[in-house]
Every structure is written in C-alpha cells, then in structure tokens.
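A.B. asks: Task: produce atomic coordinates for the following.
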Amino acid sequence: MITFANLKMLFNPAYLFNPNPSYDMKFFVYLATLFGILIILGLVSFVSARRNKKRKHAAVLLSNVYNWLLTIGLGGMLLLFFRYEGIAMISMRFILLLWLLTFILWGIYILIFYKKGYKKMIKEYKEQIEKERYLKRKKR
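C.D. replies: Numbers count the residues shown, from 1 in each chain. Prediction:
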C-alpha cells in the first residue's frame with residue numbers, strides 16, 4: 001500500500017542514489033511484466049511496420065513506435081537484471097526512475113508527432129495519389 005511516508009521516501013536523495021539498494025524489490029514482478037509487454041508490443045509493431053512498407057507514412061509511425069517500445073523494454077529488463085544481481089551503481093533506484101521518465105517523455109514525443117507530423121504526411125500522401133490519378137501515364 002502506498003502511503004505518504006513511502007512517497008516522501010521516494011524524494012529522499014539517500015534513498016534514490018543508494019549505490020547498493022536492497023534485493024527485495026516490491027515492484028519487481030510488476031516492472032518485469034511491464035517491460036515484457038513492451039517488448040512484445042515492440043515486436044508486433046516491428047512486424048506491422050515491415051508489412052506496411054508501401055504505405056510510407058504508416059511505416060514511419062510504426063518504426064517510431066517499435067523503436068520506442070523495444071528500446072524501453074529491453075533497457076528496462078537490463079536494469080531489472082542489474083538490480084536483481086546487485087551490481088553497484090547501475091542498480092540505483094534513480095536510474096530506473098529516470099528510465100521510466102524517459103519512457104513517458106518519448107511517448108509524449110511520439111504522440112506530438114502523430115498529432116502534427118503524421119497527419120501532415122497523410123494529407124500529402126492523399127494529395128499525391130489525387131495528382132497521379134489525373135496525370136497522364138505513358139503508354140507502352
């Protein structure tokens with residue numbers, strides 16, 4: 001159960017920057033599940049991006065998504081492994097917190113790209129198809 005004392009401890013520098021945190025992670029199973037799901041979703045996005053090579057705009061968006069998911073998932077699993085093995089300095093809580101913050105910020109970046117850049121790419125693609133429709137094609 002999350003209490004105010006637990007949240008207060010999260011902002012304590014001695015807790016966050018402890019080079020040798022304890023082995024008893026309360027959220028290990030949850031974090032391992034989250035990073036495992038991210039890896040699976042990244043692989044699904046990778047396969048989907050490879051199938052949509054002809055639709056350039058969809059391939060660009062899906063490549064951004066699979067890069068995001070696979071990088072965060074594999075890096076998170078690596079950080080959890082370091083924590084499980086008790087490797088000093090790399091298993092600090094701060095690095096894992098920073099990694100989760102990177103996950104959120106990278107996701108916001110992709111969302112902004114989807115709202116602005118992706119919709120612009122779709123519009124240009126539809127205009128290109130419309131132009132090609134009315135241009136004469138050479139006869140063989």
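A.B. asks: List the contacts of residue 51.
C.D. replies: Applying C-beta atoms under 8 Å, 6 or more residues apart in numbering, we find residue 51 in contact with no residue. From N, CA and C alone the C-beta is placed, and that goes for glycine too.
A.B. asks: State the pLDDT value of it.
C.D. replies: For residue 51, the model assigns a pLDDT of 90.
A.B. asks: Could you do residue 12 as well?
C.D. replies: Confidence score, pLDDT, at residue 12: 80.
A.B. asks: tell me the phi and psi of it?
C.D. replies: phi -80, psi 120 (degrees, to the nearest 10).
A.B. asks: Grab the nearest non-local neighbour of residue 39.
C.D. replies: Leaving out its chain neighbours, the residue that sits closest to residue 39 by C-beta to C-beta, 6 or more residues apart in numbering is residue 73, at 3.7 Å.
A.B. asks: Output the contacting helices and strands for the one helix or strand that neighbour maps to.
C.D. replies: Residue 73 belongs to helix 56-85 when assigned by DSSP states H and E. Applying 3 or more C-beta pairs under 8 Å, 6 or more residues apart in numbering; DSSP states H and E, one finds that helix 56-85 contacts helix 28-51, helix 93-113, helix 119-134.
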